[in-house]
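Novice: got a predicted structure plus its sequence, pasted below:
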Amino acid sequence: MPLMRSLFIAMSTNRLMRRFGESSHMGRKMSSRFVAGVEIEDALLVAERLNALGMSVTLDSLGESVTNEAEAQRAAKTYHRLLEQISLRKLNANISVKLSQMGMEFSPELAERIVGGLTEHCQATGNFLRIDMEGSALTQQTIDLVRRMHARPGYAGHIGVVIQAYLFRSEQDIAQLIEDGIRVRLCKGAYQEPPTVAFPRKADVDTNYILLAGRLLSSPIYHGIATHDEAMIRAVKDYAQNNGIQTDRFEFQMLYGVRRDLQRKLVQEGYRMRIYLPFGQEWYPYFMRRLAERPANALFVMRNLFRR
């Protein structure tokens with residue numbers, strides 16, 4: 001793994017740096033490129049602006065690895081408020097949650113109850129809940145929970161999951177999810193994983209990503225292809241065109257603040273674009289993982305930090 005990527009991933013778990021970053025003016029200013037503010041209203045206003053540009057949105061209230069039920073319930077309450085506001089304001093937006101934020105690491109039963117309540121709310125409002133994928137220690141639990149929830153009466157089509165192309169197991173997981181009719185967001189992966197479970201070389205991750213994207217595009221289910229890599233985007237566009245797959249059968253997904261030029265270009269070309277829009281006080285781990293994915297982002301952030 002390249003040195004800079006390893007460094008940023010290690011920094012993402014440093015508690016001292018996190019406390020400093022999340023409490024300092026400089027830290028909040030650095031994060032503003034990739035995080036849409038700290039309050040719900042901040043994120044909703046950005047979502048409205050993105051909708052006006054022809055882009056849909058996935059709203060993510062940042063936070064992970066809560067340690068008690070009260071924290072998990074507070075996180076859930078935020079998401080219920082988001083669903084209410086999305087419906088009220090008629091936004092083209094859905095929500096994305098992490099199971100560790102819902103208490104999965106200390107109470108899988110609590111996490112399942114919370115996710116059940118959110119999925120029910122999505123079903124009632126015609127919305128959609130995406131369960132984010134975290135480190136490989138939670139992969140099986142995440143997929144199992146999504147499959148159980150999707151199988152409940154009335155919940156099919158209102159919950160989906162993320163699959164990471166750098167894991168060896170992902171091809172088999174995608175086959176199962178397609179068989180179940182579950183929507184997938186495909187990404188490369190942003191956690192540090194051992195070579196026993198993940199491809200260590202970028203070239204191998206890219207090859208697997210293209211393979212898995214083809215599997216998803218060939219299915220009758222509406223999936224999200226999440227990447228900022230222009231080579232991956234070209235491969236997906238070529239596969240779709242060569243196989244007669246219309247642009248309304250899938251969507252590209254990108255992160256807020258990353259490759260805005262490419263986001264606009266794809267919309268102009270007639271492709272669907274969804275922006276992953278995070279917000280909240282607990283932005284530090286997310287921010288560091290974004291720098292790890294593309295260390296060039298760090299130079300961009302520093303240049304803009306000292307601009308008048």
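Specialist: Received, thanks.
Novice: mind checking which helix or strand of this structure has the lowest mean pLDDT?
Specialist: Each helix and strand of the chain was given a mean pLDDT (mean pLDDT, DSSP states H and E); the minimum falls on helix 296-305 at a mean of 47.
Novice: any idea how many residues pack against residue 110?
Specialist: Residue 110 is surrounded by 18 other residues when neighbours are defined as other CB atoms under 10 Å. Heads up, the C-betas are built off the backbone N, CA and C, glycines and all.
Novice: chain neighbours aside, what residue packs nearest to it?
Specialist: In this structure, residue 110 finds its nearest non-sequential neighbour in residue 103, 4.2 Å apart by CB to CB, 6 or more residues apart in numbering.
Novice: and that neighbour, its phi and psi?
Specialist: In terms of degrees, to the nearest 10, the main-chain angles of residue 103 are phi 100, psi 10.
Novice: low-scoring stretches of the protein, by residue?
Specialist: 1-32, 283-308 (pLDDT under 70).
Novice: and the strands in it?
Specialist: Residue ranges of the strands in the chain, as given by DSSP state E, are 56-61, 93-97, 129-131, 159-164, 184-187, 223-226, 250-255, 273-279.
Novice: so for residue 108, which of the ones you listed sits nearest?
Specialist: With CB to CB, the closest approach to residue 108 among those belongs to strand 129-131: 13.2 Å.
Novice: what's in contact with the closest one?
Specialist: When contacts are taken as CB atoms under 8 Å, 6 or more residues apart in numbering, the neighbours of strand 129-131 outside the stretch itself are 58, 94-99, 115, 118-119, 122, 142, 145-146, 158-162, 183, 185.
Novice: what subset of those residues is buried?
Specialist: Taking 16 or more other CB atoms under 10 Å as the criterion, what is buried in the contacts of strand 129-131 is 58, 94-99, 115, 118-119, 122, 142, 145-146, 158-162, 183, 185.
Novice: for residue 97, name its beta-bridge partners.
Specialist: On the basis of DSSP bridges, residue 97 takes part in beta bridges with residue 131.
Novice: you'd agree it is up against residue 62?
Specialist: No: between residue 97 and residue 62 there is no contact under CB atoms under 8 Å: 10.6 Å.
Novice: the longest helix that the chain contains - contacts with which helices or strands?
Specialist: Using DSSP state H to define each element, the chain has its longest helix at helix 69-89. Under the contact definition 3 or more CB pairs under 8 Å, 6 or more residues apart in numbering; DSSP states H and E, helix 69-89 sits against helix 40-52, strand 56-61, strand 93-97, helix 108-125.
Novice: which strands and helices sit next to the third one?
Specialist: Right, the one you point to is strand 93-97. Counting contacts by 3+ CB pairs under 8 Å, 6+ apart, strand 93-97 is packed against strand 56-61, helix 69-89, helix 108-125, strand 129-131.
Novice: can you tell me what sits against that strand?
Specialist: Residues external to strand 93-97 that are found in contact with it (CB under 8 Å, 6+ apart): 47, 51, 56-61, 75, 79, 82-83, 86, 115, 118, 122, 127-132, 276-277.
Novice: of those, grab the buried ones for PyMOL.
Specialist: For selection in PyMOL, the members of these meeting the burial criterion (16+ other CB under 10 Å) are listed in this command:
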select buried, resi 47+51+56+57+58+59+60+61+75+79+82+83+86+115+118+122+127+128+129+130+131+132+276+277
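Novice: how much space separates residue 231 from residue 207?
Specialist: Taken as CB to CB, to the nearest Å, the spacing of residue 231 relative to residue 207 amounts to 11 Å.
Novice: next one: residue 215
Specialist: For residue 215 relative to residue 207 (CB to CB), the value is 13 Å.
Novice: one more: residue 234?
Specialist: According to CB to CB, residue 234 and residue 207 sit 14 Å apart.
Novice: do the same with residue 72
Specialist: According to CB to CB, residue 72 stands 38 Å off from residue 207.
Novice: the more surrounded of the two?
Specialist: Taking residue 72 and residue 207 together and counting by other CB under 10 Å, residue 72 has the greater number of neighbours (24 against 13).
Novice: now do the contacts for that one.
Specialist: For residue 72, the residues meeting the contact criterion (CB under 8 Å, 6+ apart) are 66, 101, 102, 103, 107, 110, 111, 114.
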